[in-house]
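Chemist: sequence and computational prediction follow.
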Amino acid sequence: MNPDATYRTDFERDTTATPIGPGKYKVELNDRWWIGPGPNGGYTAALMLQAMTETVIELTTETRQQPARSLSVHFLGRPIVGEAVIEVTTEHKGYATSFISARLMQEGEIKAKAMSVFSAEREGPDFDHTKMPDVLRPEDGEEIDTAQAPVAVFTQYRAIPVLGSEPFSGGPKAETGGWMKLKDEQPMTPVLAAAMLDVWFPAPFVTVDRRVQCPTLEYTVHFPRELPVAGAEHPDWTLVRLISEEGTEGHFSEDGELWSRDGTLLARCRQMALLRYPKE
């Protein structure tokens, strides 16, 4: 959360999960995080992760802190603006690791299902072969006017493109990305990381020469380290990189990475999505 406990960003307000009963949370979906006729998948994922996080905080008040390590969401239907209920189940609670599931319910239907692992830090061997892409620093890039973006969710962020070609330009490689931060700044958290990794336009947009739609079917995020990273609790630019190697039979998989300014890998994601032309 924001270091100033008296102030909450729009993102924090719009991902608040209010307890309404055992394992049940009320959320309020706001269309400022919309893409087309429904919410951005990352926003839906963030809502569910927030509710599951609240549950884990309650479970671990007398044991070791268990930060989120993974989140996997399946999107069954399209939520609408307004109130929804997230039903959270503790599948297993351990001293160091807990497995939590959730369902987002609206209008009597399941709109999304999620599973998450929360696991405490342990002693063990360390290695790191990750390498941030060699890109311009945020100060050396050119920020775009996201207020003119065609989808609402992108207008909530600042963005500096540094990877890939323009969308729908028939580029040679399905890779895209840039530096991002919320306009209403806040430190990086797993909930924000889950949302931010799904905001940039999909990598296949770069390789095609006409508009396509890419609704997400399944979205998984891994958090290799606790967020915010110690010493990096203040808001800053983070680099989003998305890449896709194949699209076939109307589907594609996309891999994403979220990097801090100093080259620390904050989160990875992978999603399976549809790849289709809009209906005429």
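Modeler: Good, I have the coordinates. Numbers count the residues shown, from 1 in each chain.

Chemist: for the protein, give me the ranges with low pLDDT.
Modeler: Using pLDDT under 70 as the threshold, the predicted model of the chain has low-confidence ranges 1-6, 280.

Chemist: so in it, which helix runs the longest?
Modeler: The single longest helix within the chain, with elements called by DSSP state H, is helix 41-59.

Chemist: buried residues in that helix, which are they?
Modeler: When burial is assessed from 16 or more other C-beta atoms under 10 Å, helix 41-59 yields the following buried residues: 41-56, 59. The way it works is simple: take the backbone N, C-alpha and C, and place the C-beta from them, glycine included.

Chemist: quick one, strands of the stretch 1-150 of the chain?
Modeler: 18-21, 24-29, 34-35, 38-39, 68-75, 82-93, 97-106, 109-119 (DSSP state E, counting those that start in this stretch).

Chemist: now render those as JSON lines, adding distance to residue 201.
Modeler: Supplementary listing: the strands of the stretch 1-150 of the chain in JSON lines, determined by distance: least, C-beta to C-beta, whole Å:
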{"stretch": "strand 18-21", "distance to residue 201": "32"}
{"stretch": "strand 24-29", "distance to residue 201": "22"}
{"stretch": "strand 34-35", "distance to residue 201": "10"}
{"stretch": "strand 38-39", "distance to residue 201": "16"}
{"stretch": "strand 68-75", "distance to residue 201": "18"}
{"stretch": "strand 82-93", "distance to residue 201": "26"}
{"stretch": "strand 97-106", "distance to residue 201": "24"}
{"stretch": "strand 109-119", "distance to residue 201": "22"}
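
Chemist: what's the closest of those strands to residue 210?
Modeler: Of all these, the one in closest proximity to residue 210, counting by C-beta to C-beta, is strand 34-35 (18.6 Å).

Chemist: each with direction, which strands does the closest one pair with?
Modeler: As defined by DSSP bridges, the strand partners of strand 34-35 come to strand 38-39 (antiparallel).

Chemist: how far does the partner strand sit from its chain's centre?
Modeler: Average the C-alpha atoms of strand 38-39, do the same for its chain, and the two points are 14 Å apart (C-alpha atoms, centre = their mean, to the nearest Å).

Chemist: ok so, going back, put together TSV for the strands of the stretch 1-150 of the chain, with mean neighbour count on each row.
Modeler: What follows is those, written out as TSV (neighbours: other C-beta atoms under 10 Å):
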stretch	mean neighbour count
strand 18-21	11
strand 24-29	19
strand 34-35	20
strand 38-39	22
strand 68-75	22
strand 82-93	16
strand 97-106	20
strand 109-119	20
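
Chemist: looking at those strands, spot the one closest to residue 231.
Modeler: Between residue 231 and these, the tightest spacing by C-beta to C-beta is seen for strand 68-75, at 19.7 Å.

Chemist: good, we can wrap up now.
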